[in-house]
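Enquirer: 3D, please:
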Amino acid sequence: MKRIIYLMCILFTLPLTSCKKFLETEPTDFKTPENHFNTESELNTALVGVYNKLADERTYRRGLFTYLAISDEFFYRNVSTASIYVLDFDAAHVDIGRFWEALYQGIDRANAVLENINKPVMDEQRRNNVRGEALFLRAYYYFLLADNFGGVPLKLASTKNPTEVPLPRAALKDVYAQILKDMTEAYPLVLDIKKDPADKTDTGIEYSERITKSAVAGILAKVCLTMAGQPLNDQSKYTEALQWSEKVINSGRHALNTDYKQIFINAAKDLQDPKECIWEVGFYGNNTGTFMQGGTLGISNGITSTDLVDPGYSTGSINTTARLYNLYDATDVRRDWCIAPFRYTTTNNVTTQTAWTAAQIYDRNIGKWRRTYESVMPKTKDFNGVNFPVLRYSDVLLMYAEAANAINNGPNALAENYLNQVRRRGHNKPVNVTDPTVDVATGLAPARFLEEIQNERAREFAFEGMRQHDLKRWGIYVTKMNTLATEITASAPSNWRYASSAGKNTSARNLLFPIPNSELVLNPGIGVHDQNPGW
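Expert: Below you'll find the model as predicted:
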């Protein structure tokens, strides 16, 4: 069962939100920071408030794996014009403004915790744990901002009044420098995840919803790989990405789940899998009663169903592209798990499965999160308690392989091994046994090995909100989207050719979101001349 649950929170005037843990006492209505942060419990509830913005509608409740992550792996059904779903929007779009707002609210909450960290009398190790988590979360919110908006204002103190000095945009390299500083400082402060949950002498964390050393190191590897790619192209960061991924691998605390689909079945059943799922954003319940922290995995991006009980309701509004489907071979078990090979049909209150034909690729929904396995009852139409996997162990293995390939001008034996472990698992093979039927050829040229990694990441992390990020850092997002439009127009059945709309609308301006118009109006430190190119 989950150990951290983020519930409805009481709003501060800071602004800061204080949350309580599940089944603890009701939160106090704190009005000022002077009346808060006085006890360890109050500090911890404020920390939960920092985590809370990860579960916002525009972050991991929905946005960051659907409409804010448009790529060549999926398209929205029955949408072709004037929508963020097909990249036809402007700087006034409400979801862009609220995404920006949610990230800065998370940053402001983290700043408030860090400013008041020394107020309560408490054990110093536990204080440092809180400090480390707050530092990391502040940095992660900035990572999401930098990744999506480019250079942004660096706000390292909480808001005290609405007339503070306006903040200009910082250079992108300076934002990343702050991210690295905060995360590196956080690493020794946070706890390890337990090697064995049954070991009562291990003081580490048993679950994936709180930040651990493995989460910090794994995300630092991702940050460094991002910096090594476009637009910064800081090649020196490949070495750091390798080092941080090595820390996770060599910790001995993680391993691939031998059954790919079980990762997502476990998530639906609310079962922790910290060896594979290093960091998850926690969701709870179905947004009925007083607990309002439900998620939407498998609802907004699931298999179409009107049955509220079994399998459970899903809009099924997102379909796969043939490009993604064809990246899998027929023996890759991930294909028919990630991309549902069937549809649900409900007749006279009886729901059955009907297989799609080989010609019906574009008809297929996302199948990765299947509501039929959910443990939270009763199921509701719009929300569930399924956690979102931000960082999985397979990601760390592939990041190591990518960094090693770049550093050594070709893959070393470990890079090949780690890539092959992920491939073998994808084909339901023992991960540590050489298998020439699925293993990548040895001694590939660096460009060819990178291509294998690119394709493997697409297969492994389909619909997990990573594809757009990867394509951008590799410098191929615009090309991939434009060629996707050409492919769909040329080969998709006529009733699905509108799926080319997002690809047709993609241009260089889509490498970043626009700075929201609301920010340009409210922050004199940013003028219209500071807007991102093309917006």
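Enquirer: model confidence over the helix or strand hosting residue 486, on average?
Expert: For residue 486, the host element (DSSP states H and E) is helix 477-491. Averaged over helix 477-491, pLDDT sits at 98.
Enquirer: what helices and strands are in contact with it?
Expert: Helix 477-491 is packed against helix 322-327, helix 467-473, helix 501-505, with contacts defined by 3 or more C-beta pairs under 8 Å, 6 or more residues apart in numbering; DSSP states H and E. C-beta coordinates here come from the backbone N, C-alpha and C atoms, glycine included.
Enquirer: where along the stretch 301-450 of the chain do the strands fall?
Expert: Assigned by DSSP state E, counting those that start in this stretch, the stretch 301-450 of the chain shows strands spanning 318-320, 342-347, 350-355, 388-392.
Enquirer: and of these, who's closest to residue 481?
Expert: Nearest of the strands of the stretch 301-450 of the chain to residue 481, taken as C-beta to C-beta: strand 318-320 at 15.5 Å.
Enquirer: who does that closest one touch, helix- and strand-wise?
Expert: Counting contacts by 3+ C-beta pairs under 8 Å, 6+ apart, strand 318-320 is packed against strand 74-76.
Enquirer: now for the strand it packs on, which elements pack on it?
Expert: Counting by 3+ C-beta pairs under 8 Å, 6+ apart, the packing neighbours recorded for strand 74-76 are strand 318-320.
Enquirer: which residue ranges of the stretch 51-200 of the chain form helices?
Expert: With DSSP state H, counting those that start in this stretch, the ranges of helices along the stretch 51-200 of the chain come out as 94-115, 124-149, 172-186.
Enquirer: dump these to JSON lines, plus distance to residue 72.
Expert: JSON lines is the format used below for those (distance: least, C-beta to C-beta, whole Å):
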{"stretch": "helix 94-115", "distance to residue 72": "21"}
{"stretch": "helix 124-149", "distance to residue 72": "18"}
{"stretch": "helix 172-186", "distance to residue 72": "25"}
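Enquirer: what's the closest of those to residue 489?
Expert: The minimum distance between residue 489 and those falls on helix 94-115, with 27.5 Å, by C-beta to C-beta.
Enquirer: now that closest one and helix 124-149, what's the angle there?
Expert: Orientation check (axes from the mean of the first three to the mean of the last three C-alpha atoms, to 10 degrees): helix 94-115 against helix 124-149 gives 150 degrees.
Enquirer: ok, which of the strands of the stretch 301-450 of the chain comes nearest residue 225?
Expert: strand 388-392 (12.7 Å).
Enquirer: ok, that closest one: who's next to it in the sheet?
Expert: Sheet pairing here is set by DSSP bridges, and for strand 388-392 it gives strand 277-281 (antiparallel).
Enquirer: give me the contacts around the strand it pairs with.
Expert: 54-55, 59-60, 193, 208-209, 211-212, 214-215, 218-219, 248, 254, 263, 267, 295, 387-393, 396 (C-beta atoms under 8 Å, 6 or more residues apart in numbering).
Enquirer: buried subset of these, written for ChimeraX?
Expert: Only the buried entries of the contacts of strand 277-281 go into this ChimeraX selection, using 16 or more other C-beta atoms under 10 Å:
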select :54,55,59,60,193,208,209,211,212,214,215,218,219,248,254,263,267,295,387,388,389,390,391,392,393,396
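Enquirer: and the helix or strand hosting residue 221, what other elements does it pack with?
Expert: Taking DSSP H and E as the definition, residue 221 sits inside helix 213-228. If contacts are counted by 3+ C-beta pairs under 8 Å, 6+ apart, helix 213-228 sits against helix 124-149, helix 172-186, helix 237-250, strand 277-281, strand 388-392, helix 393-407, helix 467-473.
Enquirer: now distance to residue 422 and mean pLDDT too, for those, in CSV please.
Expert: Output for those, formatted as CSV (distance: least, C-beta to C-beta, whole Å; pLDDT from 0 to 100):
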stretch, distance to residue 422, mean pLDDT
helix 124-149, 23, 98
helix 172-186, 25, 98
helix 237-250, 13, 98
strand 277-281, 15, 97
strand 388-392, 10, 98
helix 393-407, 5, 98
helix 467-473, 15, 98
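Enquirer: residue 271: which of the ones you listed is closest?
Expert: Checking those against residue 271 by C-beta to C-beta gives strand 277-281 as the closest, at 10.1 Å.
Enquirer: hmm, back to that, dump the strands of the stretch 301-450 of the chain to JSON lines, plus distance to residue 231.
Expert: Shown next, in JSON lines, are these (distance: least, C-beta to C-beta, whole Å):
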{"stretch": "strand 318-320", "distance to residue 231": "28"}
{"stretch": "strand 342-347", "distance to residue 231": "41"}
{"stretch": "strand 350-355", "distance to residue 231": "44"}
{"stretch": "strand 388-392", "distance to residue 231": "23"}
